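J.: Give the three-dimensional model of this entry:
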Amino acid sequence: MPSAPSRSLETFDNPQPGRDYTIRIRVPEFTCLCPKTGQPDFAELTLEYIPDQRCVELKSLKLYVWSYRDEGAFHEAVTNRILDDLVAATGPRFMRLTADFNLRGGIDTTVIAEHRAPGWSAPSLVQLP
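T.: I've put the predicted structure just below:
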C-alpha cells in the first residue's frame, strides 16, 4: 500500500503571513468507532482557520484523519483532540473545527471547538451594498 494512516501533521509556510484570510477545508468522510458499541461513527468535518506562520498540508491531513478509522472515541473527545493537534502543528490565529456526525439511534450530534491565539481578535465584517 503506497500510503498508510499517520498521526503526523505536516505544514508549510503561510504565503501571506501579513494578511488575515480564511482557509476552509471540508472532510466529508471522517470515521471513528463508538467506544461503547464498536460500531462505526461517520461525520463530516469542516476546518476553518486563519493561519499565522504555518498552514496544514492536505495529504498529511488526509492521512491523519484516516488514523481515527479504527479508534474508539466519543464525539466530543475526538473533535477536541483533532483541534488540539492541528493547533499544535500550525499555531493559527484562529481555528474552528465543526464535526457533524451522522444520525445514530435518532440522535444528531454536532460538536464545534474553537481556538483563538492570545491577543488576536476578528476583524470587523465588511457589509457591501
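
J.: So residue 24 is in contact with residue 50, correct?
T.: No. With contact defined as Cβ atoms under 8 Å, residue 24 does not count as touching residue 50 (10.6 Å). Quick note: C-beta positions are derived from backbone N, CA and C, even for glycine.

J.: Compare those two (neighbour count), which wins?
T.: Here residue 24 and residue 50 are compared on neighbour count by other Cβ atoms under 10 Å; more neighbours surround residue 50, at 20 against 9.

J.: wait, what's in contact with the more buried one?
T.: 20-23, 92-95, 120 (Cβ atoms under 8 Å, 6 or more residues apart in numbering).

J.: If we use 10 Å, what do you get?
T.: 14, 19-23, 92-96, 116-117, 120, 122-123 (Cβ atoms under 10 Å, 6 or more residues apart in numbering).

J.: Tell me the most packed of these, by neighbour count.
T.: Result: residue 92 is most packed of these (other Cβ under 10 Å), 25 neighbours.

J.: Now do the contacts for the nearest residue to it once chain neighbours are set aside.
T.: Excluding the flanking residues, the one nearest residue 92 by Cβ to Cβ, 6 or more residues apart in numbering is residue 49, at 4.5 Å. By Cβ under 10 Å, 6+ apart, residue 49 lies in contact with 21-25, 55-56, 83, 86-87, 90, 92-97, 114-115.

J.: Okay, and residue 49 sits in which element?
T.: Per DSSP states H and E, residue 49 falls inside strand 40-50.

J.: Sheet-wise, list the partners of that strand with their directions.
T.: Applying DSSP bridges to the sheet, strand 40-50 is found paired with strand 23-33 (antiparallel), strand 94-104 (antiparallel).

J.: what's the closest of those to residue 71?
T.: When these are compared by Cβ to Cβ, strand 23-33 sits nearest residue 71, at 5.6 Å.
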